[in-house]
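Asker: Sequence and predicted structure are below.
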Amino acid sequence: MSANLGRWSMFTATLIAERNLDDALLSDIVHEFDTECTAGRLKTVDWIDQDRAADLTFDPAKDFSDKDCAELAAAMQQRAWAIAKGGFGRELAMDIIVQPTAGREKRALVADMDSTMITVECIDELADYAGIKPEIAAITEAAMRGELDFEAALDARVRLLKGMDASVIDRCLAERVGIMPGARALVRTMRARGARCVLVSGGFTRFAEPVAAEIGFDRAIANVLEIEGRRLTGAVRRPIVGAEAKERALRETVAEAGVGLESALAVGDGANDLPMIRAAGLGVAYRAKPIVAAAAGARIEHSDLSALLYAQGVPRREWVTS
């Protein structure tokens, strides 16, 4: 949904809940959207997985842009929460993704790594072994919020790690790096269904390559830390993998898959992910920084990464987890 796509033949709002979405609550939500949704006329309601995810498909009443999709999803989400709390006395952790019905199953995936496919920022965890995590984490946070130039911020952080024994990287990978819930199911299922999947990171190959292999990506693209005599030199090999490289990776991936950008899914959380998120047919801000959440056509705040399979209409029985 990278640009105004004009008048779609249909659009789908996918409701994705961690719990508490049963037939009665779904019926009340559907009734509300059937009578109050000015963006389109409700045509069909279908469970993807009982109690977890459902599709509401509409005839559109207007043209749509990324911003329209995100705003409609957010408005529907707020109303669904209010219905759950008011009529059922429930807290409802729910994400809603609005997109064209046609072509919703994607044929390419390009994903960020740190705080997206894994649960940590690797450079911050490396810094912890050197006793300087607060200093480096503050720079990381500012860069991910778009407040600092990414390349300059990366150089500044890596310089602070100069002299670190390279063996700490392997220790950090083993002790600190956890795979984000839903990541394996997302990538392995998409690959099993014929999609090309690439991990692209502003972090480092020493983390990205084993993470990509563990999750099931086709390949990984990331920065290379310079090492001499088993110690970090404080430098990163050029060119830097930043925002432009991530968008380029997306375009290369769809070309390799033989599809267009509308058939791509991009997901990330930081400012350097924005170009690829904006370019993809479905660009997703995953538990993202405010600048990213505000710009993305779709947002995931409550669910894990398996929500992106529901967004493609894939039920749990068809997920590949091993």
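Answerer: Arrived safely, thanks for sending. Numbering: from 1, shown residues only.
Asker: so where do the strands sit in this structure?
Answerer: With strands called from DSSP state E, the chain shows them at 11-17, 40-49, 53-60, 94-100, 108-111, 196-204, 219-223, 225-228, 231-236, 264-268, 282-286, 298-300.
Asker: which ones are touching the closest residue to Val177 other than its chain neighbours?
Answerer: Nearest residue to Val177, sequence neighbours excluded (CB to CB, 6 or more residues apart in numbering): Ile118, at 5.4 Å. Placement of C-beta: from N, CA and C, glycine included. By CB atoms under 8 Å, 6 or more residues apart in numbering, the residues touching Ile118 are 177-180, 183, 207, 211.
Asker: pretty sure Pro181 is touching Ala307, no?
Answerer: No: using CB atoms under 8 Å, Pro181 is not in contact with Ala307; the gap is 10.3 Å.
Asker: Which residue of those two possesses the greater neighbour count?
Answerer: More crowded of Pro181 and Ala307, by other CB atoms under 10 Å: Ala307, with 25 against 12.
Asker: Per-residue pLDDT of the more buried one, please?
Answerer: Note for Ala307: predicted pLDDT of 98.
Asker: Roughly how far does it sit from Trp319?
Answerer: Distance from Ala307 to Trp319, counting by CB to CB, to the nearest Å: 12 Å.
Asker: Name the nearest residue to Ala84, sequence neighbours excluded.
Answerer: Ala84 sits nearest to Leu92 (CB to CB, 6+ apart), 3.7 Å away.
Asker: Count the neighbours of the nearest residue to Leu56 once chain neighbours are set aside for me.
Answerer: Of all residues not flanking Leu56 in the chain, Ala13 sits nearest, at 4.6 Å (CB to CB, 6+ apart). Neighbour count for Ala13, taken as other CB under 10 Å: 24.
Asker: who are the neighbours in contact with Asp95?
Answerer: 16, 77, 299-303, 307.
Asker: now swap in Met117 and tell me
Answerer: 111, 179-180, 183, 199, 211, 215, 305.
Asker: which residues touch the residue lying closest to it once chain neighbours are set aside?
Answerer: Take Met117 and drop its neighbours on the chain: the residue closest to it by CB to CB, 6+ apart is Ala183, 4.9 Å away. Neighbour list for Ala183: 117-118, 215, 305 [criterion: CB under 8 Å, 6+ apart].
Asker: can you pull the pLDDT of Ala183?
Answerer: pLDDT for Ala183: 98.
Asker: could you measure it against Gly281, distance?
Answerer: Distance from Ala183 to Gly281, by CB to CB: 20 Å.
Asker: Equivalent analysis for Val30, please.
Answerer: Note on Val30: its distance to Gly281, by CB to CB, is 27 Å.
Asker: Those two: which has the busier surroundings?
Answerer: Gly281 (24 against 15).
Asker: Leaving out the residues flanking it, which one is nearest to the more buried one?
Answerer: Glu262 (3.9 Å).
Asker: Fine by me, thanks again.
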